[in-house]
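Colleague: model the structure of this input:
(chains A, B, C and D)
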Protein chains: 2
Amino acid sequence: MKEIDPKRSAVTMVDVAEAAGVSAITVSRSIRRPELVSEEARLRVAAAIERLGYVPDAAASALASKRTDVVGLLVPSLTNSVFSEVLRGIYDAVEGTPYSVQIGNFRYSPSGEERLIRTFLRQKPAGMIVAGLDQTDSSRAMLEQAECRVVQIMDQGPKPVDLAIGFSHRDGAVAAVEHLLEQGYERIGFMGARMDPRSQRRLAGFTEALKARGLFEARRVVTTPAASTVGLGGQLLGDLLARAPEVDAVFCNNDDLAAGALLEAARRGIEVPRQLGICGFNDLEMSRFLNPALSSVATPRYRIGRGALELLMRVIDAPEEKPEAVDLGTEVKARASTARRG
Amino acid sequence: MKEIDPKRSAVTMVDVAEAAGVSAITVSRSIRRPELVSEEARLRVAAAIERLGYVPDAAASALASKRTDVVGLLVPSLTNSVFSEVLRGIYDAVEGTPYSVQIGNFRYSPSGEERLIRTFLRQKPAGMIVAGLDQTDSSRAMLEQAECRVVQIMDQGPKPVDLAIGFSHRDGAVAAVEHLLEQGYERIGFMGARMDPRSQRRLAGFTEALKARGLFEARRVVTTPAASTVGLGGQLLGDLLARAPEVDAVFCNNDDLAAGALLEAARRGIEVPRQLGICGFNDLEMSRFLNPALSSVATPRYRIGRGALELLMRVIDAPEEKPEAVDLGTEVKARASTARRG
DNA sequence: TTGACTTATGATTGCGCAATCATTAACCAA
DNA sequence: TTGGTTAATGATTGCGCAATCATAAGTCAA
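Modeller: Model prediction:
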């Protein structure tokens, strides 16, 4: 194994050029645009690079070319296990590519998002991945004018800034309601926390699906701006039962709330799924280990992350290409917590 | 709100300098070393920066100074929910600082780790955070000679490269065994997967604690090099029971395996905790929602991440300082899955 | 007063690369 | 031959900043 001291004053392109008997710019070209260099020169350069352990200086490259290999990623939360799956997909996709990822967490703050967008764009990123379709006007304007390609993830809707990959929160909620109806539940409630734009769309889907059947009751909807936690789920179930004791099922905005509702139901001696059906959203890993196992709407988080980066890399090389928004869909995982029939 | 087009050819230090009526280098200094600049000049510069929306060019800065504000983070896995907590701690700590984090995933491959260390060090990072104390000799040599401070996280042991923050895996395992003994279990088995160095130390602690009481039986230890999953936990419990049907408790290398063991026990009609006690390691969020709730050794993952970055930032400004390795300890969370007494 | 020292500021230079334009050689069609 | 074309290579330049050294003004002790 060749030992290369990473501290030693760096091997530069000029060193490689001398060793290969070519000029520095030929070295540069044979790395970035090998098709412009003769086979013979390319091989000599490759050998010299290998021999000297040359690693290009990213800062110098960025300064000279006014572009970087950094992909900016903006998420509203890192606490949320939803985004850790997305992250995993992105990092799996970035592995082995020249790109690197920089994460910005805007903590569900639109002004924080604006600030981060501004900061990231100044670094001339190779691309941006941002969560959601609902940026502020000024954020959206910055993204539209950005010199890099932009992928909006996690959602599905008209007029993305550029590229989009996600799923329809509305459709997921509709599918959940339909599943509950199939199981014979009719007085269905909704529990939601945070209520960011995607949660709002889930509520909209819920409302729509029930209204279409004349089963919607506004008092069966409880929401709070607080962040979702398991504990809050228990509390919200309490609120819901106080306001609408007749509910026979509840669609929870996410699995944390649903887990809390499940535990609270057990505490109150409410039988799940017989007396109360509980359905979550996202299908976190833990959900199928709950007792009873939690039904939930599975969301393609890993595939969104992976797909977003792959999409980005594809269009970086094909600037004129503008693929359709990708809808990866959702899937209702029917488990014991809603198994009233069959 | 001031609208600044992030695309427009960048506002440079020279522009700020002109606007403030000083030279460019004074602008540079009033950002990096404000104590060297008179109050008056500093205020004028600050006003000009604000007015022009100046953002320094990171690439140019890196090129000129041969250093960056990037902290390199090397983890063996992103799949593992263990590291997502660490990540969260790190990102919480980095927020609002000038530093940014770059993640490298070496997938439990020592040679992959070596490659990543070499690549990262070439970027002249402000610091490095690496998982574990057990790098290869050549990785260790590179880290020791690095021009930046290095924090090794997740473990506890003699002679860290530089700084260290983590906990003793051995002690955690010993505590788990003692908990099981207290609950009256005596024929305790061990299930482990992956068996990276930290898992090895847990096994060592397990072995030691039982040997000290004359209760160790080698055939009660089952391990596999495969990666931990819930499914594998069920399989390993089967193997263990086949080899050592007398076991009355099992200490699992992590909570995924323990969850699998719990489910497999239910499938086989083995009563937990009466017939079989099950204790995990890490105390993932899901563990307390399992049925019966899983006892586990809680590890301070978030605090490690947060602490690592804080430690790093502290010593970056005080190059001579070399704090002791930090041991954040572990805590046995005794729950239903081991509650044979009390 | 002198010189030594401190504080505040500036001029110059170069970091390592890629953009741009220039040059050379080889080849072909007319 | 001539001019036109393409392929391969190189020379020069500057990206925006910080390191280095230089300078100017102010302070103080002897």
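Colleague: quick one, domains of chain A?
Modeller: Following the assignment in automatic domain parsing, chain A carries domains at A:13-56, A:68-167+A:301-329, A:169-298.
Colleague: briefly note if the longest one comes near chain B.
Modeller: Yes: using Cβ under 8 Å from any Cβ of the partner chain, domain A:169-298 reaches chain B at A:230, A:259, A:263, A:285-286, A:289-291. In this view, the C-beta of every residue, glycine as well, is placed from N, C-alpha and C.
Colleague: and what of the second one?
Modeller: Yes: using Cβ under 8 Å from any Cβ, we find that domain A:68-167+A:301-329 touches chain B at A:68, A:78-79, A:81, A:84, A:87-88, A:91-92, A:95, A:100-103, A:105, A:117-119, A:121-123, A:138, A:141-142, A:145-147.
Colleague: now go through these and say which are in helices.
Modeller: For the residues of domain A:68-167+A:301-329 next to chain B, the ones inside helices are A:81, A:84, A:87-88, A:91-92, A:117-119, A:121-122, A:138, A:141-142, A:145, with DSSP state H as the criterion.
Colleague: just the closest of these to DNA strand C, please.
Modeller: Closest to DNA strand C out of these is A:Arg122 (17.5 Å), distances taken as Cβ to the nearest atom of the strand.
Colleague: so who does the residue lying closest to that closest one once chain neighbours are set aside touch?
Modeller: Take A:Arg122 and drop its neighbours on the chain: the residue closest to it by Cβ to Cβ, 6 or more residues apart in numbering or on different chains is B:Val55, 4.5 Å away. For B:Val55, the residues meeting the contact criterion (Cβ atoms under 8 Å, 6 or more residues apart in numbering or on different chains) are A:118-119, A:122, B:10-11.
Colleague: the nearest residue to A:Ala93 once chain neighbours are set aside and A:Leu87, how far apart?
Modeller: What sits nearest to A:Ala93 in space, not counting adjacent residues and going by Cβ to Cβ, 6+ apart, is A:Leu309, at 3.9 Å. As defined by Cβ to Cβ, to the nearest Å, A:Leu309 lies at a distance of 11 Å from A:Leu87.
Colleague: neighbour count: those two, which is higher?
Modeller: Shown here are A:Leu309 and A:Leu87; by other Cβ atoms under 10 Å in any protein chain shown, A:Leu309 has more neighbours (27 against 22).
Colleague: surely that one and A:Val71 touch.
Modeller: Yes: under the contact definition of Cβ atoms under 8 Å, A:Leu309 touches A:Val71, with a separation of 6.9 Å.
Colleague: re the thing from before, out of the residues of domain A:169-298 next to chain B, who's nearest A:Arg51?
Modeller: Sorting the residues of domain A:169-298 next to chain B by how near they are to A:Arg51, with Cβ to Cβ, puts A:Glu285 at the top with 47.4 Å.
Colleague: report pLDDT for the closest one.
Modeller: The predicted local distance difference test score for A:Glu285 is 84.
Colleague: quick one, what contacts the closest residue to it other than its chain neighbours?
Modeller: Closest residue to A:Glu285 in three dimensions, ignoring its sequence neighbours and counting by Cβ to Cβ, 6+ apart: B:Met286, at 6.8 Å. For B:Met286, the contacting residues are A:285-286, A:289, B:255, B:259, taking Cβ under 8 Å, 6+ apart as the criterion.
Colleague: closest one of those residues to DNA strand C?
Modeller: When these are compared for distance to DNA strand C (Cβ to the nearest atom of the strand), A:Glu285 comes out closest, at 41.8 Å.
Colleague: can you report how many residues neighbour the closest one?
Modeller: A count of nearby residues for A:Glu285, using other Cβ under 10 Å, gives 16.
Colleague: what's the answer for A:Asp317, then?
Modeller: Neighbouring residues of A:Asp317 were enumerated by other Cβ under 10 Å; the total is 7.
Colleague: point out where the stretch 201-342 of chain A drops to low pLDDT.
Modeller: Across the stretch 201-342 of chain A, residues meeting the criterion (pLDDT under 70) sit at A:342.
Colleague: helices along that one, start to end?
Modeller: Listed in chain order, the helices of the stretch 201-342 of chain A (DSSP state H, counting those that start in this stretch) span A:230-243, A:255-268, A:301-316.
Colleague: from A:Asp196, how far off is A:Ala259?
Modeller: Separation of A:Ala259 from A:Asp196 (Cβ to Cβ) stands at 20 Å.
Colleague: tell me which of these two has more neighbours.
Modeller: More neighbours surround A:Ala259 than the other of A:Ala259 and A:Asp196, with 29 against 17 (other Cβ under 10 Å).
Colleague: the more buried one against A:Leu294, yeah?
Modeller: Yes: with contact defined as Cβ under 8 Å, A:Ala259 reaches A:Leu294; the gap is 6.7 Å.
Colleague: just the helices of the stretch 201-342 of chain A: most buried one?
Modeller: helix A:255-268 (a mean of 24; mean count of other Cβ atoms under 10 Å in any protein chain shown).
Colleague: tell me what angle it forms with helix A:230-243.
Modeller: Taking axes from the mean of the first three to the mean of the last three Cα atoms, to 10 degrees, one finds that helix A:255-268 is oriented at 60 degrees with respect to helix A:230-243.
Colleague: can you pull the contacts of A:Ala226?
Modeller: Applying Cβ under 8 Å, 6+ apart to A:Ala226 gives the contacts A:193-194, A:232.
Colleague: and if we set it to 6 Å?
Modeller: Taking Cβ atoms under 6 Å, 6 or more residues apart in numbering or on different chains, we find A:Ala226 in contact with A:Ala193.
Colleague: any idea how far it is from A:Val247?
Modeller: From A:Ala226 over to A:Val247 (counting by Cβ to Cβ), the distance is 21 Å.
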